[in-house]
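K.L.:
Would you be able to build a 3D model of this:
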Amino acid sequence: MSALPSPGAGSSLSAEDAWPMTVRLTRRTVGNGVWACDSWAVTAVGSNREATTASGPALSVVAGADEDHYDWQGLVLQLYRDERAAYRFNLSARTPRLFVYCDPDDNGRMVPRLVTASQDVAASYMDGSEEHIYSIDMPEALQCWIEAFIARHGEPEIQLGKSRRRQRTAKQKDADSRD
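P.N.:
Sure thing, here's the model as predicted:
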C-alpha cells in the first residue's frame, strides 16, 4: 500500500509487481459478560485484480450474531526486489503466510494499512511495539505470482552468517599455511 511502503520502496515498481487485494477482518467479543474485549483476526484474503486503481481501504460490514465481518477493498500487495530473500524464506515454509498490519480507528475498528508477504517487514512492525499484525495462509495463486516475481528478477543472494564466515576464513588460513 502506498501509505506505508516496504523498506525497499526506492525500487522501480510496475503494475506486474502489485496485486490488488481484499481483506476480511473478523471481530469476536470474548469474555464472560462482566469482562469482555474484542478479538480480531484476518479470516480471508482475496484477489481484486479487476480493480484498476487502489484508492485506499473501502469498507463493507456484515454483522453477525457472534461476530462481525469487515471486508476491506483497495489494498495492494506490492512486491519489492530487495525483499526477495524474505519472500523466498516465506515460500519455503510449510505454510506460507500473508501479513496484514492494522491500525485501530476512533471507533476501535481495525483498519488494514499494509499487506505484505515479507516476514521481515511484519517483524519490523512488531519490533516497533506494534501489536496489530495478523497473518493468514497465503493463497496458492499468490504463491505462484511471487515465485514468478523472484524468477523474473533473479534468486536472492543468501548472506552467510558471522559463524559461517569465520569458519570459511579459518579454513582458508589453514589451506594457506599448508602451501
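K.L.:
For R24, list the residues it contacts.
P.N.:
By CB atoms under 8 Å, 6 or more residues apart in numbering, the contact list for R24 reads 42-46, 69-72. For the C-beta atoms, the positions are set from N, CA and C on the backbone; glycine is no exception.
K.L.:
If we use 10 Å, what do you get?
P.N.:
Residues in contact with R24 (CB atoms under 10 Å, 6 or more residues apart in numbering) are 41-46, 60, 62, 69-72, 112, 136.
K.L.:
Would you double-check that it falls in a helix?
P.N.:
No: checked against DSSP: H, G, I helix; E, B strand; the rest coil, R24 lies outside a helix; its state is strand.
K.L.:
Name the residues linked to it by a beta bridge.
P.N.:
A44, D71 (DSSP bridges).
K.L.:
Surely E140 is in contact with P96?
P.N.:
Yes: judged on CB atoms under 10 Å, E140 makes contact with P96 at a distance of 9.2 Å.
K.L.:
Determine which member of these two has the greater number of neighbouring residues.
P.N.:
More neighbours surround P96 than the other of E140 and P96, with 19 against 9 (other CB atoms under 10 Å).
K.L.:
Find the nearest non-adjacent residue to that one, please.
P.N.:
Closest residue to P96 apart from its sequence neighbours, by CB to CB, 6 or more residues apart in numbering: M138 at 4.2 Å.
K.L.:
list the contacts for the one you found?
P.N.:
45, 77, 90-91, 93, 95-99, 117, 145-146.
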